[in-house]
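**Student:** got a predicted structure here, sequence first:
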Amino acid sequence: MNVLELSEQEIGRRESLQQLREMGINPYPAAEFPTNAFSTEIVESFQDDAEPREVSIAGRMMGRRVMGKASFVELQDSKGRIQVYITRDDLCPGDDKELYNTVFKKLLDIGDFIGIKGFVFRTQTGEISVHCKELTLLSKALKPLPIVKYKDGVAYDKFDDPELRYRQRYVDLVVNEGVKDTFLKRATIIRTMRRILDEAGYTEVDTPILQSIAGGASARPFITHFNALNQDMYMRIATELYLKRLIVGGFEGVYEMGKNFRNEGMDKTHNPEFTCMELYVSYKDLLWGMDFTEKMLEEICTAVNGKPEVEIDGNIISFKAPFRRLPILDAIKEKTGFDCDGKSEDEIRAFCLSKGMDVDETMGKGKLIDELFGEFCEGTFIQPTFITDYPVEMSPLTKMHRSKPGLTERFELMVNGKELANAYSELNDPIDQEERFIEQMKLADKGDDEAMIIDHDFLRALQYGMPPTFGIGIGIDRLVMLMTGKFAIGEVMLFPQMKPEKKIPQSSVAEWAEIGVPEDIVPVLRKAGFNLITNIKDEKPQGLQQKIGEIFKKYKLDLPKPSVDEVAKWISLTPDPSPKGEGSK
């Protein structure tokens, strides 16, 4: 890396790195550093009247106060932080004090990983600390961390820009309190759900992510190409159809927690790559499914928060069973006064248009009802509510309602104004299923790019017989948002999908060469703030040469300094700025 691409702090850290190596200290040792304690456990178990406890701990140095022959370090490990007390004579009991005076005081930096061996004690100010007897450098950090300072409970110099936090999650986890806790809670949610499903006797399985048909949901897929077969493939949009094949094959109950991919928009509640749990259980129906779901969510909430409640935006959301149950057409009538029951596609479209909704001729009856519910109803359900009895046009994989013609045995669970789960009494009539697939293809012909494609192998599987089955899909990311009180999906995904990182437009080395600038001078000009060749157009030759000279001096560059005449020639050959600006190359 060119030294001109580094900040002063980064240069200083690399100089310290070199000095450490010259002293015979490996800044990245390979050997294990055995530890026997964590910061939080040390503090919790300390007893003033007990024998001093010998500990070996390791972590990142997050603070340092040097006071002559004694110093304090704030060490951050995977559990929390603890103070370390270091004295020169304890660390260097012999005549050689270099480890303290040079290595610790001058060559170590905030962010470095160190290992500490010593004993636990309480300082005169009452803080439980570790008295250091041995110090080992475990890893040298070459970039400085943004240090968040706290005073009277208020944070200063925050690393709080969401885009930067998501893009550099590794920094976010280190410097921002509470971020790691969110992902520990996520792990608890997944672990608890998996335990509940395992204890119920259901089998966790893995199904293909690359699929020849994008089935199991109405969504736009990502398309890739399988070179070995010379065949286009789809990233899966759902696990449903493969899991149902396993029910046909004789599994009592199967579930999968895995990634799905949908080539759709990104916003605060949607990411194109997301985690979903799908469960299918033989001989069960929708009514059993609602009971099972609400009990599972109540147990998960209690495991995460210690109670079956969570506060989001001032609302106390209770996951205490039972949840409210409301048919979708009743919900629409309740919120709009319009009764969709018995209405034709044209009548529903006309009502949508009268409400100023953006609908068109490609939308069938089911899509129109879905749009109505999304526009007027979905965001109003704060407490957990099962929305039931969806029209058949909205549910191509769902069994017909046992007592209500034209409706299906399906529910969506709404919480805090968003869908959390989608569930069916699964359709197991192969003839009915094929007819519904055909209807979906008609929607595709009308221009609906989210309509399902016929999966002939799945139809063949159904023809061998599938028992009555309940199926449900729960979005894990949205569940974590609810259980942790977060408003953006990026807060609960370690590495959410991001737009390409913006880069400062720069003229290429070849473009600089066209006006006579040597290749090794290009980084100098960029460091001085001239990223495009047109940036030097209005510079005075002597002034530009002086700026180049200042960079040479500051960074101790051993390069031939261009003359004023050479600089003047560069400026004279510089083209006028393009009206549209120059591109980044």
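**Tutor:** Now that the structure is in, tell me what you want to look at.

**Student:** domain ranges for this structure?
**Tutor:** Domain ranges of the chain: 3-145, 181-323+383-491, 509-573, per automatic domain parsing.

**Student:** just name the most buried of those.
**Tutor:** domain 181-323+383-491 (a mean of 18; mean count of other Cβ atoms under 10 Å). C-beta here means a position set from N, CA and C on the backbone, and glycine is covered the same way.

**Student:** off-centre distance for it?
**Tutor:** Centre-to-centre, domain 181-323+383-491 and its host chain are 20 Å apart (Cα atoms, centre = their mean, to the nearest Å).

**Student:** what mean pLDDT would you report for it?
**Tutor:** On average, the pLDDT along domain 181-323+383-491 is 93.

**Student:** centroid residue for this protein?
**Tutor:** residue 493 (2.4 Å; Cα atoms, centre = their mean).

**Student:** residue contacts, that one?
**Tutor:** Applying Cβ atoms under 8 Å, 6 or more residues apart in numbering to residue 493 gives the contacts 271, 274, 477.

**Student:** try it again with 10 Å
**Tutor:** Contacts for residue 493 (Cβ atoms under 10 Å, 6 or more residues apart in numbering) come out as 166, 169, 183, 186, 271, 273-275, 476-477, 480-481.

**Student:** on that earlier part again, mind checking the domains of the chain for the one nearest to residue 160?
**Tutor:** Proximity to residue 160 (Cβ to Cβ) singles out domain 181-323+383-491 among these, at 11.9 Å.

**Student:** hmm, back to that, now tabulate the domains of the chain in JSON lines and tack on distance to residue 501.
**Tutor:** Supplementary listing: the domains of the chain in JSON lines, determined by distance: least, Cβ to Cβ, whole Å:
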{"stretch": "domain 3-145", "distance to residue 501": "16"}
{"stretch": "domain 181-323+383-491", "distance to residue 501": "15"}
{"stretch": "domain 509-573", "distance to residue 501": "16"}
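
**Student:** quick one: the lengthiest strand in the chain to chain centroid distance?
**Tutor:** If each strand of the chain is counted by residues according to DSSP state E, the longest one is strand 54-67. Offset of strand 54-67 from its chain centre (Cα atoms, centre = their mean): 30 Å.

**Student:** can you give the strand pairings for it, parallel or anti for each?
**Tutor:** Strand pairing for strand 54-67, determined by DSSP bridges: strand 70-76 (antiparallel), strand 113-122 (antiparallel).

**Student:** now render the contacts of residue 493 as TSV, adding secondary structure.
**Tutor:** Output for the contacts of residue 493, formatted as TSV (DSSP: H, G, I helix; E, B strand; the rest coil):
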residue	secondary structure
166	helix
169	helix
183	helix
186	helix
271	coil
273	strand
274	strand
275	strand
476	helix
477	helix
480	helix
481	helix
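
**Student:** thinking again about what came up before, closest one to residue 377 among the domains of the chain?
**Tutor:** Ranking those by proximity to residue 377 (Cβ to Cβ) places domain 181-323+383-491 first, at 7.9 Å.

**Student:** okay, now that closest one: how far is its last residue from its first?
**Tutor:** The straight-line separation of the ends of domain 181-323+383-491 (Cα to Cα, to the nearest Å) is 11 Å.

**Student:** can you check stretch 41-51 too?
**Tutor:** So stretch 41-51: terminal residues 16 Å apart, Cα to Cα.

**Student:** cool, stretch 355-368 as well?
**Tutor:** Taking Cα to Cα as the measure, stretch 355-368 stretches 12 Å from start to finish.

**Student:** now that stretch: average pLDDT?
**Tutor:** Mean predicted lDDT for stretch 355-368 stands at 88.

**Student:** buried ones in it?
**Tutor:** By neighbour count on 16 or more other Cβ atoms under 10 Å, the buried set for stretch 355-368 is 359, 363-368.

**Student:** quick one on the thing from earlier: now the longest strand of the chain: average pLDDT?
**Tutor:** Per-residue pLDDT values over strand 54-67 give a mean of 97.

**Student:** ok, the contacts of residue 493 vs residue 387, which is closest?
**Tutor:** Using Cβ to Cβ, residue 481 comes nearest to residue 387 of the contacts of residue 493, at 19.1 Å.

**Student:** my read: that closest one touches residue 488, true?
**Tutor:** Yes: if you go by Cβ atoms under 10 Å, residue 481 and residue 488 touch, sitting 7.8 Å apart.

**Student:** sorry, back to before: for the longest strand of the chain, list the C-alpha coordinates in PDB.
**Tutor:** Output in PDB follows, covering the C-alpha atoms of strand 54-67 (Å, rounded to 0.1, in the frame of the first residue of the first chain):
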ATOM      1  CA  GLU A  54      -4.700 -15.800  39.500                       C
ATOM      2  CA  VAL A  55      -6.200 -15.200  36.000                       C
ATOM      3  CA  SER A  56      -5.200 -15.200  32.400                       C
ATOM      4  CA  ILE A  57      -7.300 -13.000  30.200                       C
ATOM      5  CA  ALA A  58      -7.100 -11.600  26.600                       C
ATOM      6  CA  GLY A  59      -8.900  -8.900  24.600                       C
ATOM      7  CA  ARG A  60      -8.600  -5.600  22.900                       C
ATOM      8  CA  MET A  61      -7.000  -2.600  24.600                       C
ATOM      9  CA  MET A  62      -9.800   0.100  24.500                       C
ATOM     10  CA  GLY A  63      -8.200   2.700  26.900                       C
ATOM     11  CA  ARG A  64      -4.900   3.500  28.500                       C
ATOM     12  CA  ARG A  65      -3.900   6.000  31.200                       C
ATOM     13  CA  VAL A  66      -0.200   6.200  31.800                       C
ATOM     14  CA  MET A  67       1.000   7.800  35.100                       C
END
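
**Student:** quick one: residue 138 is in a strand?
**Tutor:** Yes: applying three-state DSSP, one finds residue 138 inside a strand.

**Student:** i'd like the first residue to be 571 from this point on
**Tutor:** OK, 571 is where the count begins now, so the last one is residue 708.

**Student:** so who does it touch?
**Tutor:** With contact taken as Cβ under 10 Å, 6+ apart, residue 708 is in contact with 596-599, 601, 603, 628-630, 682-685.

**Student:** since that was my last question, I'll sign off now.
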